[in-house]
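Student: The sequence isn't on hand, but the structure is:
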């Protein structure tokens, strides 16, 4: 790193306003060391770890596995051991990871913080080593501390799948959001059509394929590039500050050419959020944000992470609740997503959640497909030598 | 008592204005004589005395280093460090005097604990100067008896780590310390702004999903403390800002000095070398308080050292057991060890890279901190001062390995870093406390 500044006139002086322009010279500072993570190529800690061709590969495998005959599919990871280590409650993520692993034939075991020795004070490192000793070949971790998957990978050197770490990342959620967006994406008009999902229902496409119809029509896009989402604006609304879903999407979607617009009040969306990377901007006016949106992703207010932050919910709803009127007036073509759990009547109305533009339930279904691909990747990849 | 003759070394004693080849004679724990190269004679000693002769050809001979900010963890947390192991690490790093912070268990808020830390039974390799708690139990309420603590050997008062937030308590502490002839050292952090934070607040903390500690939490308290010193109108009042880390706080100190106030500050090697980016993927060895800051703040620390507003370099040596650091980032304790890396990093970066003259580097590490703590006869090798000496090879490059550390703990982000300048001997009051092989 090379920096410049002025050198003061001489030792021991506090001469800050020297009359003579001081000489400038380059200053070398210590480099930032390269990260040794991920140690295991099957790990999925952050969406940053995935090159675009790996994203394509996961999307491709998700579609292939989704369409595979269930009996054939159950042979892929027959009797392999997958552990789910959950320090936080979860419905969607836990169940879909579990169903994904089981539908590939793997044996799964669930360790949750409330019914294990974690309650007795066992550390994450020791819990991980214990699970490894019991024969687990991969650990799917949900943890309330940001960065926990890195600690677990370093300790166990197993492939670790990040199922959400604190306020940091939720990579499989970003991948399933991407799959949902692509399912509705029309490359010609560069827009999403909510109604497309009806024709592209994976179950229907499987039966369509079995009936001899053209295969591959369900998800025309499985191969993504740096301009796949050019012209697409994804607006993420609400509690960005505490959202791992937002952080993973903010990192992933711009790499495919998409624009991410963040929308929310300053307490939940600090200005520094835009410095996360390119392709991310802030629009505080919800209606102005909606006007630009191809996709609207609503987030839940994370009461469990507010840490004393006072928020006026009435004011929040007045400013940021997605209502049928707002949607009709400002974004009548946009696809509505939500990572769940949704709180009806808070961040969005029941009418919007159940309405024709909503793909919220469909997202859950894409989650199983994506997680099958990710679990397969974790157990299929060959470990590299320890890089310590 | 053994006498030591250090021959043919290059003596750098900034306080005495010496920068030349000299022989130096140490006797009875004091500097007995400084002579021209090759002129120091054993014959000057009385018959029958035991002599050690150290050949310092090609080496720098300098006043033993003084670290005004270390945590030795005794009493109460000897699994992290003891006075014996901490001072062994100090000796290996070239330090002959360390000022030990009071956040022990129990808190060092009494003359008894202050004396206990200095007893020979502790097995200290170099001199330990306790810094006592400013308030009872470091709770920020009732002041301790500063005169009694000073009489027991305390060299300053602080509630390090638990900053004094209440204006009236800090005002009284500054006034009482001024009367006792002690400085008040403040760990400047408005904990009302940093609650729950575990790294610097900024784009990096947002990216990592960690709660941040805003730089204003430091600068606002420094500014408050400076106002209190100004309002006191007592020229003896001395505020020392521990481990300053933000550009704004340093600017406040600079302004206070221009206004003639007795406000001083120290910077740690990690705050002038590393930034929040060094947290990397949740490296708990890069978690400390104050946290690693932005590149702009780090650059301001370098600038402050080069232009002289920074008074001392201190390590904030804060050992923690391995298992305490191998946890989730937000749960890991703050701090890193630093005694064995300070000199090597200062020479490598401040001197070699940024061209700060050697005498000024050494002054920041010895004469200036000794003056701030009012340690008479230390930080210089003028005849009659304590025989606290470091002899090092300024040209030697070496790689620091945490596993070889003399400290009980290994928590440092500088493991594997290249150091400049290798300590050959550390002499504490005329006794060889460390010799490299």
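Tutor: Ah, there it is. Just so you know, these numbers come straight off a predicted model, no measurement behind them.
Student: and stretch A:148-158, does that touch chain B?
Tutor: Yes - using CB under 8 Å from any CB of the partner chain, stretch A:148-158 comes into contact with chain B via A:148, A:150, A:151, A:155. In this view, the C-beta of every residue, glycine as well, is placed from N, C-alpha and C.
Student: For burial, what's the neighbour tally of the nearest residue to residue B:301 once chain neighbours are set aside?
Tutor: Once flanking residues are discounted, residue B:301 sits nearest to residue B:272: 4.1 Å by CB to CB, 6 or more residues apart in numbering or on different chains. For residue B:272, the neighbour count with other CB atoms under 10 Å in any protein chain shown is 26.
Student: residues from the stretch 301-437 of chain B in reach of chain A?
Tutor: Within the stretch 301-437 of chain B, the positions adjacent to chain A are B:302-303, B:306-309, B:323, B:326-331, B:349, B:353-354, B:357, B:360, B:417 by CB under 8 Å from any CB.
Student: which regions of the stretch 151-300 of chain A sit below the pLDDT cut-off?
Tutor: Per-residue confidence for the stretch 151-300 of chain A (pLDDT under 70) gives these ranges: A:196-220.
Student: where along it do the strands fall?
Tutor: For the stretch 151-300 of chain A, the strands defined by DSSP state E, counting those that start in this stretch cover A:160-165, A:185-186, A:191-192, A:233-237, A:259-263, A:280-282, A:295-298.
Student: Describe which strands the third one pairs with in its sheet and in which direction.
Tutor: Strand partners for strand A:191-192, identified by DSSP bridges, are recorded as strand A:185-186 (antiparallel).
Student: Could you report the pLDDT at residue 139?
Tutor: In the absence of a named chain, chain A is used. For residue A:139, the pLDDT comes out at 98.
Student: Chain B was what I was after
Tutor: pLDDT, read off for residue B:139, is 96.
Student: which residues does it contact?
Tutor: residue B:162 (CB atoms under 8 Å, 6 or more residues apart in numbering or on different chains).
Student: related to what we said a few turns ago, buried subset of the residues of stretch A:148-158 next to chain B as a PyMOL selection?
Tutor: Typed into PyMOL, the next command selects the buried ones out of the residues of stretch A:148-158 next to chain B (criterion: 16 or more other CB atoms under 10 Å in any protein chain shown):
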select buried, chain A and resi 148+150+151+155
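Student: Could I get the residues of stretch A:148-158 next to chain B in a markdown table, plus columns for distance to residue B:205?
Tutor: A markdown table is the format used below for these (distance: CB to CB, whole Å):
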| residue | distance to residue B:205 |
| --- | --- |
| A:148 | 16 |
| A:150 | 16 |
| A:151 | 18 |
| A:155 | 24 |
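Student: Out of the residues of stretch A:148-158 next to chain B, which two sit at the greatest distance?
Tutor: Largest separation among those by CB to CB: A:148 and A:155, giving 10.5 Å.
Student: list the contacts for the closest residue to residue B:425 other than its chain neighbours?
Tutor: Counting by CB to CB, 6+ apart, residue B:391 is the residue found nearest to residue B:425 once chain neighbours are left out, at 4.4 Å. By CB under 8 Å, 6+ apart, the contact list for residue B:391 reads B:6, B:9, B:54, B:56, B:59-62, B:423-427.
Student: With residue A:175 instead?
Tutor: Residue A:175 makes contacts with A:47, A:55, A:58, A:59, A:252, A:370, A:374, as judged by CB under 8 Å, 6+ apart.
Student: Report the secondary structure element holding the last one.
Tutor: Using DSSP states H and E, the secondary-structure element containing residue A:374 is helix A:360-380.
Student: Likewise for the third one?
Tutor: Under DSSP H and E, the secondary-structure element containing residue A:58 is helix A:52-67.
Student: Okay, buried residues for that helix please.
Tutor: Here helix A:52-67 shows A:55, A:56, A:57, A:58, A:59, A:61, A:62, A:63, A:65, A:66, A:67 as buried, counting by 16+ other CB under 10 Å.
Student: and of those residues, the nearest to chain B?
Tutor: residue A:55 (19.7 Å; CB to the nearest CB).
Student: From what I see, that closest one and residue A:224 are in contact.
Tutor: Yes - between residue A:55 and residue A:224 there is a contact under CB atoms under 8 Å: 5.5 Å.
Student: Please parse the chain into its domains.
Tutor: With no chain named, the answer covers chain A. Chain A breaks down by automatic domain parsing into domains covering A:47-169+A:367-377, A:173-303+A:311-365.
Student: I was thinking of chain B, sorry if that wasn't clear
Tutor: B:3-61+B:386-435, B:64-372.
Student: could the ones you listed go into TSV alongside distance to residue A:337?
Tutor: Formatted as TSV, the domains of chain B follow (distance: least, CB to CB, whole Å):
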stretch	distance to residue A:337
domain B:3-61+B:386-435	40
domain B:64-372	21
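Student: Please identify the deepest-packed of the ones you listed.
Tutor: Highest mean neighbour count of these: domain B:64-372, a mean of 22 (counted as mean count of other CB atoms under 10 Å in any protein chain shown).
Student: gap between the two ends of that domain?
Tutor: Using CA to CA, to the nearest Å, the end-to-end distance of domain B:64-372 comes to 15 Å.
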